[in-house]
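J.: how does the following fold in three dimensions:
(chains A and B)
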Amino acid sequence: MHSSDDKKKKFFAWMRVVLFMLCLIAVCSILKFAIMPPSYARVIIHTMNDKDENYDTIVLGASHGRSAINPYKLDEKLSCNSLNVCIPNETIKDSYYLLQEAARTNDIKTVILDIDYQYWYGLKENNYFSTFIYDQLSLSSVKAKYFTDNLLDEDFRVALTRWAGYSYLIKNAKSNLKTKLTKDYFDYSIECVDNRDGGGPYLGKGFFYRQKLDEDSGFGEFKAISFDADGVDKETVEIFRKIVKYCKDKNIRLVCATSPITPSMLTCGDYGKVTEYFTSLCEEQDVEYYDFNLIKDDVLDFEDTDYVDYDGHMVGELADRYSHVLGDVISRTQEYYGKESSEVESVVSDSFYASYDEMSKNMNYVQLADMKVEPIKLDNGGYAVNINAILDGGKNVTPECRVVIKSMDTKKILYDSGYSDNMQYHYEFDDEIYIAINVYGRNKGSSEEYEAKSKTKKILLNDETVNKYLTKKKPSN
Amino acid sequence: MAFASTGFLIFLLVGVIVYYLIPKKFQWIWLLILSYYFYMCSGVKTLGLIITTTITTFLGGIWLEDITLKRDEWLKEHKADMSSEEKKAYKAKTKKYKRLILALILVINFGILAVIKYYGFTVDNINALLSGVFHMNVGLKRFDFLLPLGISFYTFQSMGYIIDMYQGKYKADRNLFKFALFVSYFPQILQGPIGRYNRLAHQFFEKHEFDLVRIQHGLQLMAWGFFKKMVLADRAALIVEEVFRYVHLYHGFTVLFGVLAYTLQLYADFSGGMDIVMGASEMFGVKLDQNFKQPFFSNSISDFWHRWHITLGTWMKDYIFYPFSLSKAMNKFGKFTKKVFGNTVGRCLPICLANLLIFFIVGVWHGAQWKYIAYGFYNGFLIAASNLFEPLYPKIFKALHINNEGRAWKLVRILRTFVLVVISFYFDVCESLYAALYMMRSTVTGFTFKTFTDGSLLKLGVDYYGMCIIFVGCVIWFIVSLLKEKGIDIREALDRKPWIVRWAVYGALIVAIPVFGKVSNTIGGFMYAQF
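T.: Predicted structure coming up:
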């Protein structure tokens, strides 16, 4: 009798555990469904895994690749069925697993890997949000491999409750549910994706035809390229090697390409080191690499206005032209595939400059490389700013500079230096003041050509700003 | 392998399942395998050090015990032939021999700890001294050693064992592998508690039957620990990071607010870590010593150290305070002070000196920096002063008509202790001793009421929503602590509730961790895991 009671007790105890686990899973699933915004990754991975389609060419990369490569143009040029699987914030690691996922459901012949140096260098740990592609992979050996390769050392919340990273968006739960409980959502329609406007209409196959921006919209933040080969993330390089090996093992043609970025970015900072590094890395791995920043003007002509920001996201019109050229390069080299990569690349060498130096000699530009603003407290109780502009120019250009200072309170222009060769300025103010500083550069004497404009720098001139500046300059301990 | 990692949870799950599936006599071997696997996950390069500590302590223990056994046997055999002086002389000789062995083991193991943790600090200070005072630029070279996982914890635990062996408190372990488990037991190796052999070892080797309630209790404790760590400590850390980023950046109440945030961060992080450790261990049927007992209900600094990092405090008391206070030299010193300062003060002075020594070591244990030494001395000084002035208290109470048994006075004492503890954390949180002193001054000199009204406190990395979470979390924690302080066992009280209420509480706690926990870009390490 006692034994049977014990058994009953045990059974109910275990039932309660099972019930609890089921409830917990249900609550977590509901929270995930309600909190997480509908993502683009979900739609494109679903498109990639569509059983009715077989994509033989896929493009992997991040936001640059998504805005730059129009798969319809590639299809025309290469007579293939291509899909652009570039997803903003997709890392090389994500690309590796997306490639395997794509190969699981498609017969892949060619992979175009869009290389954006920013995903290789100075990577910030961002584990919560870096699993957004893992999260959308279908339950398969690829997902399991992603988990065991990458998530065992991560915070358990990353692997088990990724929605936790979005818990601060709980206020959006109502609108998320409104979207997610529609037929469109269950049909994986792009209409249900959060931020579905990728800068322009979605043409399908992972491509958004981005529109040119109005002149007043701003052009993003300008940051000169800073690159040092020693700073390249070793894990990323290791994963790149795995991609190369995977493609070689599966007899998939891997074409590495860097989409062209704005001439302003290209000509300012360390881009020369970037192209040198990736050329050397791909050479070492015997993989084709085409840096379209080195493409000759007569093959592909582009300027800053062909982009929506300094960073290098193309508008649709340039993307079409670029995709055409990319398709052409791949097509011309197709029959040489299997030979040494350098030999393959040599087929199209007439379209590219041999090096960054050769390219920059043939370019004209003016660029504000840096702007240093130093707040100063004056003995008479007033304040001053020292502004130091560093302008960079092409071989045939002599840059000149103009500084404009506006009051943020009255919106009135307080100083306008006019254009001159002078790059250092000093302005004084009687009292605390909130100002906006703009620096312009141009080719000497020119009114329009090769003009560069800085991002507005706003600064509140008071004791706190001066102290903070001095503290940052000389940390006390 | 971090406690908050997915890998650790899987490791624990597999560990527990296998533990209860294998024959009971092999359970301790499985624990040893798990412990060494856990240790090796942080790198194999430092494995040699924990093995060295294990072997030297193990052999030392046997050696010490054998000497005692042989001495007793010899004395028994020659009982009749020896005079009492001869017996005394023989005992003294063996004691000296044992002391030498003990010293050897202590030097080896504390030596390793000292070299690894304090070599850089010592070299820096010697270089600074030589160049600053003697204008000699010797430039002793600094090496950055790889800090082995939990070196302070396992060294202190092992040295506790060898001192107990020297004192003949219990029998030596004669199985190297069993002893290795005591040194390396994985839940506690990262951040303690510092265990005692007589309370821990037998639990490893007992046969443990599967008990669902025990597993539930372990998981509850772990969930509570993760709640404290991820919801409170990781959020408070944002404020601390901002306020103490630069020494001159903030003043007045903002700095005090930062120190209060640090107090919360440290307590939630360390005690949360302990809950995880104890919960994980409990699932294997091994109960570890408590490391916290509602420290912020303490009514004096001395009381605080009986409730905060208890196992370190008791280690210091048993292995340093008492041996030092009861040593011949201190006896002589006590007699001297009694003669010079009279009975009351004279009796206190040796205790004060012992307290200063202990807290100097506590400071050094925390890290190789002057600020930690100052932290230790600050605590030591407060306790010593409290001891010294204790005889005056009744007179003061009488003169001021204070009812020292009343609730109000108890509350005043708790608040006073809290303030003193918070002050001590300036040393801990600031980058250097200079920064700590500067920020203490700046708290007082830069105080302005504007800070409360201009919303600047909400610009320190935690917004209004985050502040609300911290506040509610602290209120829940306070209620739990208050109940514990009143002697109510929360888990037992919960066990008595209907199962649906019980499981709803567990569920809410588990869901609260991801919903209200601070999302960080990197896996949140525990502050005491670096010791």
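J.: and the helix or strand residue A:391 falls within, what does it pack onto?
T.: Assessed by DSSP states H and E, residue A:391 sits inside strand A:383-393. Counting contacts by 3 or more C-beta pairs under 8 Å, 6 or more residues apart in numbering or on different chains; DSSP states H and E, strand A:383-393 packs against strand A:366-377, strand A:399-407, strand A:424-429, strand A:433-443, strand A:457-461. Where you see a C-beta, it was placed from the backbone N, CA and C, and this is true even at glycine.
J.: and the closest residue to residue B:319 other than its chain neighbours, how close does it get to residue B:169?
T.: Excluding its sequence neighbours, the residue lying closest to residue B:319 (C-beta to C-beta, 6 or more residues apart in numbering or on different chains) is residue B:163, at 5.2 Å. To residue B:169, residue B:163 is 9 Å away according to C-beta to C-beta, to the nearest Å.
J.: more neighbours, these two?
T.: residue B:163 (19 against 12; other C-beta atoms under 10 Å in any protein chain shown).
J.: let me see the mean pLDDT of the lengthiest helix in chain A.
T.: Secondary structure assigned by DSSP state H gives helix A:2-35 as the longest helix of chain A. On average, the pLDDT along helix A:2-35 is 86.
J.: and that helix, how far out from the chain middle?
T.: Its chain's C-alpha centre and that of helix A:2-35 lie 44 Å apart, by C-alpha atoms, centre = their mean, to the nearest Å.
J.: got it, and stretch A:426-442?
T.: On C-alpha atoms, centre = their mean, the centre of stretch A:426-442 falls 33 Å from the chain's centre.
J.: what comes up buried for that stretch?
T.: For stretch A:426-442, a neighbour-count test (16 or more other C-beta atoms under 10 Å in any protein chain shown) marks A:427, A:429, A:433, A:435, A:436, A:437, A:438, A:439, A:440, A:441, A:442 as buried.
J.: follow-up on the earlier one: rounded mean pLDDT for the strand holding residue A:391, please.
T.: Here strand A:383-393 scores 85 as its mean pLDDT.
J.: what's the weakest-modelled helix or strand in the chain?
T.: You didn't say which chain, so I picked chain A. helix A:127-130 (a mean of 60; mean pLDDT, DSSP states H and E).
J.: let me rephrase: I mean chain B.
T.: Using mean pLDDT, DSSP H and E, the lowest element in chain B is helix B:450-453, with a mean of 79.
J.: what's the closest non-adjacent residue to the residue nearest the centre of chain B?
T.: Nearest residue to the geometric centre of chain B (C-alpha atoms, centre = their mean): residue B:309, 3.8 Å. Leaving aside its sequence neighbours, residue B:309 sits nearest to residue B:291 (C-beta to C-beta, 6+ apart; 5.9 Å).
J.: ok, now which ones touch the one you found?
T.: By C-beta atoms under 8 Å, 6 or more residues apart in numbering or on different chains, the contact set of residue B:291 is B:192, B:193, B:270, B:271, B:274, B:309, B:310, B:311.
J.: residue B:460 too?
T.: Contacts for residue B:460 (C-beta under 8 Å, 6+ apart) come out as B:238, B:239, B:242, B:243, B:254, B:257, B:258.
J.: so, low pLDDT: which residues of chain B?
T.: Applying pLDDT under 70 to chain B flags residues B:519-524, B:530-531.
J.: one more time with 50
T.: Of all residues in chain B, none has pLDDT under 50.
J.: same thing with chain A?
T.: A:125, A:474-477.
J.: can you pull the domain assignment for it?
T.: A:37-130+A:181-361, A:366-473 (automatic domain parsing).
J.: any idea which of these gets closest to residue B:27?
T.: domain A:37-130+A:181-361 (35.2 Å; C-beta to C-beta).
J.: tell me how far the ends of that closest one are from each other?
T.: End-to-end distance for domain A:37-130+A:181-361: 47 Å, by C-alpha to C-alpha, to the nearest Å.
J.: now stretch A:412-432
T.: End to end - C-alpha to C-alpha - stretch A:412-432 spans 16 Å.
J.: which residues are in contact with that stretch?
T.: Contacts to stretch A:412-432, defined as C-beta under 8 Å, 6+ apart, come from residues A:378, A:381-391, A:400-407, A:435, A:440, A:442, A:444, A:460-462.
J.: pull out the buried residues from stretch A:134-146.
T.: Buried, per 16+ other C-beta under 10 Å, within stretch A:134-146: A:134, A:135, A:136, A:137, A:142, A:143, A:146.
J.: filter those down to the ones in helices?
T.: A:134, A:135, A:136, A:142, A:143, A:146.
J.: which pair of these spans the longest distance?
T.: Pairwise distances across those peak at 13.0 Å for A:135 and A:142 (criterion: C-beta to C-beta).
J.: between the buried residues of stretch A:426-442, which sits nearest residue A:254?
T.: Closest to residue A:254, out of all of the buried residues of stretch A:426-442 and judged by C-beta to C-beta, is residue A:441, at 40.5 Å.
J.: residue A:399 is in contact with the closest one, correct?
T.: Yes. At 5.2 Å, residue A:441 counts as touching residue A:399 under the criterion of C-beta atoms under 8 Å.
J.: where do the contact lists of these two overlap?
T.: Common neighbours of residue A:441 and residue A:399, counting by C-beta under 8 Å, 6+ apart, are A:366, A:391.
J.: distance of the residue nearest to residue B:309 from chain A?
T.: Remark: distance between residue B:291 and chain A (C-beta to the nearest C-beta, to the nearest Å) = 23 Å.
J.: tell me the secondary structure at residue 177.
T.: Defaulting to chain A. Three-state call for residue A:177 (DSSP: H, G, I helix; E, B strand; the rest coil): helix.
J.: that one touches residue A:34, doesn't it?
T.: Yes. Between residue A:177 and residue A:34 there is a contact at 5.6 Å, judged by C-beta under 8 Å.
J.: give me the more crowded residue out of the two.
T.: residue A:34 (17 against 14).
J.: sorry, back to before: same list (the contacts of residue B:460) but as JSON lines, adding neighbour count.
T.: Formatted as JSON lines, the contacts of residue B:460 follow (neighbours: other C-beta atoms under 10 Å in any protein chain shown):
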{"residue": "B:238", "neighbour count": "18"}
{"residue": "B:239", "neighbour count": "25"}
{"residue": "B:242", "neighbour count": "18"}
{"residue": "B:243", "neighbour count": "22"}
{"residue": "B:254", "neighbour count": "22"}
{"residue": "B:257", "neighbour count": "20"}
{"residue": "B:258", "neighbour count": "28"}
